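J.: sequence and predicted structure, then a few things I'm wondering about:
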Amino acid sequence: MVGGCWLMALIVVNYVAWLLNFGDVFRTFLLILMVGALAVAVLGCVRTKDFLALCILSFLLFLIVRSPLLAWDARSIWFFHAKRMFYDGWLYARLDDYGHFSHNDYPDMVPSLAASITRAVNVWNEVLPKLAIFLAIVPALMTLLRLLRTEVSRFLLGVILIGPILIGPRHAILVNGLMDGILGVYMAALMLSSCRLLAHGPEYAKLSLAERLTCPLLLAILCGLKNEGLVIGLFYLVTFTTVLFLNRYPHLVIARFVAASTAAFVPVMIWKIRLVSAHISNDLVEQGGGALTRVMPRLNVHDLESIIVATQLLPIATLMMVVGFWARAKLATKWFLLSMVGMYYLILFGLYLSTPLDLGFHLGTSAHRVIYPLMLTLVVFCIWSWEAEYLRKKALGDASV
């Protein structure tokens, strides 16, 4: 728990170090501390004989480093940013907007980590930068493994995360260098951690410092992964604060949550402010004029069906109904989760409906990726809810569960 929390904090500090243009010596020192935090987390698994977690982490590391980056977005966007940082030595080199195809407006939490690793050893190759993927995934994955208490639940999580990778490259979303898989793990970890806080009620302030810092740190990394993470983060701040108010949590508890969560946005806002001063914006915003004129022609059966199928509305709606009617959790917890998922899905649906790009092209190249965080979050919550009910019945002595 402590090792994972420290690793998250160091990943955020590394990103801030690039934003504030700290030198290589400081960033290398941070990297050494990250390795130490990772070692603490691994030793914690060894000490508690958590061999399942060790197997999942080891297999994930093998899958990450076994091959070079192949996906176009990974090579031409995320790790192209990292490569520029490696050679130029600072984050803001991209403000010249060279290589406009690489979306220079995107935040660079993971690319900055890859740049720190490669500059520490002064080598750029096809494998070394990919270690950043592993370092970024470990804290969120350890958080999920800690929140799931039975071996069956944790094994299911491992299958859900690693199983699709073995099917083929299109499904290797967690290890192929795209940020959507990492975003999914962080969203699931943030939602589940928040649900656990709600389960504790107003007394969650009595939790350890590491447990209380988990959500703000997860939020900070989530917002810095890609633009969708920032949208999720804003929804999260508004929705969770509303839940706390409606459930009459002490004002001091709410104030502390808002303060910590607001601080989590500082790194990505530093980046956004520099983008505005350099007159660099997102390509969808640049081409976004006349959105209504694009929406109206797409309100037909063919285009709506294409969006519904590509964004997997039926599976998502089914999982939402399972959460709403079957999951044994507090009403506030379910309302929080379903509100988050529902709002984010509507944003994605509206984005595709108004996209300035060709609809078929946009859906075919991105829908299966951007919907992954929603699917993973809902599935993991269902597992967590089932596990909680199982443990409750077991505690009551019901041997039939």
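T.: Sure, I can see it.

J.: please make it C-alpha for all contacts and neighbour counts, starting now.
T.: Noted.

J.: can you pull the buried residues of stretch 384-401?
T.: 384-388, 391 (16 or more other Cα atoms under 10 Å).

J.: now, which of the residues you listed sits nearest residue 63?
T.: Distance to residue 63 across the buried residues of stretch 384-401 (Cα to Cα) is lowest for residue 384, with 26.0 Å.

J.: residues touching the closest one, list them.
T.: Applying Cα atoms under 8 Å, 6 or more residues apart in numbering to residue 384 gives the contacts 147-148, 153.

J.: how about residue 180?
T.: 173-174, 369-370, 372-373.

J.: tell me the pLDDT at it?
T.: pLDDT recorded at residue 180 is 93.

J.: circling back: most surrounded residue in the contacts of residue 384?
T.: Highest neighbour count within the contacts of residue 384, by other Cα atoms under 10 Å: residue 148, with 22 neighbours.

J.: hmm, that residue is touching residue 156, no?
T.: No. With contact defined as Cα atoms under 8 Å, residue 148 does not count as touching residue 156 (10.1 Å).

J.: widest-spaced pair of the contacts of residue 180?
T.: 174 and 370, at 12.3 Å, using Cα to Cα across the contacts of residue 180.

J.: ok, these two, which is more surrounded?
T.: residue 174 (25 against 20).

J.: for that one, give me phi and psi.
T.: Per-residue torsions, residue 174: phi -80, psi -20 (degrees, to the nearest 10).

J.: same deal with the one 5 residues further on?
T.: Geometry field for residue 179 lists phi and psi as phi -90, psi -10, criterion degrees, to the nearest 10.

J.: could you do residue 247 as well?
T.: phi -100, psi 10.

J.: now do the same contact list for it.
T.: residue 332.

J.: strands along the stretch 1-150 of the chain, start to end?
T.: Counting by DSSP state E, counting those that start in this stretch, one finds no strands in the stretch 1-150 of the chain.

J.: okay, helices next: where are they in it?
T.: If DSSP state H, counting those that start in this stretch is used as the criterion, the helices of the stretch 1-150 of the chain fall at 2-19, 24-47, 51-65, 72-73, 79-88, 109-121, 131-147.

J.: then the host helix or strand of residue 212 to CSV, C-alphas only?
T.: Residue 212 is part of helix 209-225 when elements are defined by DSSP states H and E. Output of helix 209-225 as CSV, limited to C-alpha atoms (Å, rounded to 0.1, in the frame of the first residue of the first chain):
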residue,chain,number,x,y,z
LEU,A,209,-2.7,8.9,5.4
ALA,A,210,-1.8,6.6,2.5
GLU,A,211,-5.4,5.5,2.1
ARG,A,212,-6.7,9.1,2.1
LEU,A,213,-4.0,10.2,-0.4
THR,A,214,-4.8,7.4,-2.8
CYS,A,215,-7.8,9.1,-4.5
PRO,A,216,-6.1,12.5,-5.1
LEU,A,217,-2.9,10.8,-6.5
LEU,A,218,-5.0,8.5,-8.8
LEU,A,219,-6.9,11.6,-9.9
ALA,A,220,-3.7,13.6,-10.6
ILE,A,221,-2.3,10.8,-12.8
LEU,A,222,-5.6,10.2,-14.5
CYS,A,223,-5.9,13.8,-15.6
GLY,A,224,-2.3,13.8,-16.9
LEU,A,225,-2.7,10.7,-19.0
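
J.: lovely, talk soon.
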